[in-house]
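Peer 1: Sequence first, then the predicted structure, then my questions.
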2 protein chains.
Amino acid sequence: MTTQEGRDAAEAVDSILAALADPTRRQLLNVLAAQGEATATTLAEQLPVSRQAIVKHLAVLDAAGLVSGGRAGREVRYAVRPAALDAAAQWMTALAADWDRRLANIKRIAEAADREQD
Amino acid sequence: MTTQEGRDAAEAVDSILAALADPTRRQLLNVLAAQGEATATTLAEQLPVSRQAIVKHLAVLDAAGLVSGGRAGREVRYAVRPAALDAAAQWMTALAADWDRRLANIKRIAEAADREQD
DNA sequence: CCGATGTGCAACTATAGAGTTGCGCGACAA
DNA sequence: TTGTCGCGCAACTCTATAGTTGCACATCGG
């Protein structure tokens, strides 16, 4: 594995959200998804930042599980990993559903309290 | 509406991700979802930060469409809005699916190229 | 009317992180 | 072997923002 794989779910979501919050990183992911595989040097040529900046971003994305890097000779090729993003999406969907549930419940209680007010 | 409602989808996702990236804001959303409705002052009593910090966070969350605030006399009550979160989740799911598609396609092309190498 | 409570505005501090440059080292080709 | 190319490490700058405190304004109950 590239980095840690087994980890607390909340912590994983945390790192994924933090990683996706940066516009440059999202752009980086776009380019990477379009090409399938690329090195930091190659990516730096296509984005308006230095190679070192790309390297740091790739490290963050790698730690979040959004990309994985593999060495091929003297270069390191990175690729996108859909699984982590998918997991975060599921987490968000579940959270939204939970909010909906709570809101509906609270509304129900409020209405019941209103009826008792007579 | 509380803030802007009609807006570019990418921009909306951007603000939502930025809003969710902060741990304190996520905690704030949790408390808010649990209570259904709360004021900045009430929330500040339950979280380890000042009321002003809460106010700023609520402003960010409001701009992202994740909460909405309504005035009730001299106090302002905030509530959670599941719709925005749900939209972001859908966006992420679609993106993950797109990555999967691209990866599969690239793999297919690579294998075809291999067969031509004879 | 007056005290108490809740909001809003403003100035300020401090830390995280996005970006940079410079340099040394290992890997490849001629 | 020598030059070139890509990577990794380190030090530094700078901006965004999370957090604070202080005060002024509005609203409610007595």
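Peer 2: Cool, got the structure. Given the structure is predicted, the values throughout are model-derived calculations rather than measurements.
Peer 1: for the longest helix that chain A contains, which positions count as buried?
Peer 2: In chain A, with assignment by DSSP state H, the single longest helix is helix A:82-116. Burial within helix A:82-116, assessed by neighbour count using 16 or more other Cβ atoms under 10 Å in any protein chain shown, is assigned to A:82, A:84-89, A:91-93, A:95-96, A:98-100, A:102-103, A:106. For glycine as for every other residue, the C-beta is placed from the backbone atoms N, C-alpha and C.
Peer 1: what about the spatially most central residue of chain A, helix or strand, and which?
Peer 2: With the centre of chain A defined as its mean C-alpha position, the nearest residue by Cα atoms, centre = their mean is residue A:16, 3.3 Å away. Following DSSP states H and E, the helix or strand that holds residue A:16 is helix A:9-20.
Peer 1: Wondering if that helix reaches chain B at all.
Peer 2: Yes - using Cβ under 8 Å from any Cβ of the partner chain, we find that helix A:9-20 touches chain B at A:14, A:17, A:18, A:20.
Peer 1: could I have stretch A:68-85 exported to CSV, CA atoms only?
Peer 2: As requested, C-alpha coordinates have been extracted for stretch A:68-85 and formatted as CSV (Å, rounded to 0.1, in the frame of the first residue of the first chain):
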residue,chain,number,x,y,z
SER,A,68,-1.3,6.5,-5.1
GLY,A,69,2.3,6.8,-6.3
GLY,A,70,4.5,4.0,-7.7
ARG,A,71,8.1,4.2,-8.7
ALA,A,72,9.1,3.4,-12.2
GLY,A,73,12.9,3.7,-12.6
ARG,A,74,13.9,7.2,-11.7
GLU,A,75,10.5,8.6,-11.9
VAL,A,76,7.4,8.3,-9.7
ARG,A,77,4.1,7.9,-11.4
TYR,A,78,0.9,8.9,-9.7
ALA,A,79,-2.7,7.8,-10.4
VAL,A,80,-6.1,8.6,-9.0
ARG,A,81,-7.9,6.3,-6.6
PRO,A,82,-11.7,6.6,-6.9
ALA,A,83,-12.4,4.4,-3.8
ALA,A,84,-11.6,7.1,-1.2
LEU,A,85,-13.7,9.7,-2.9
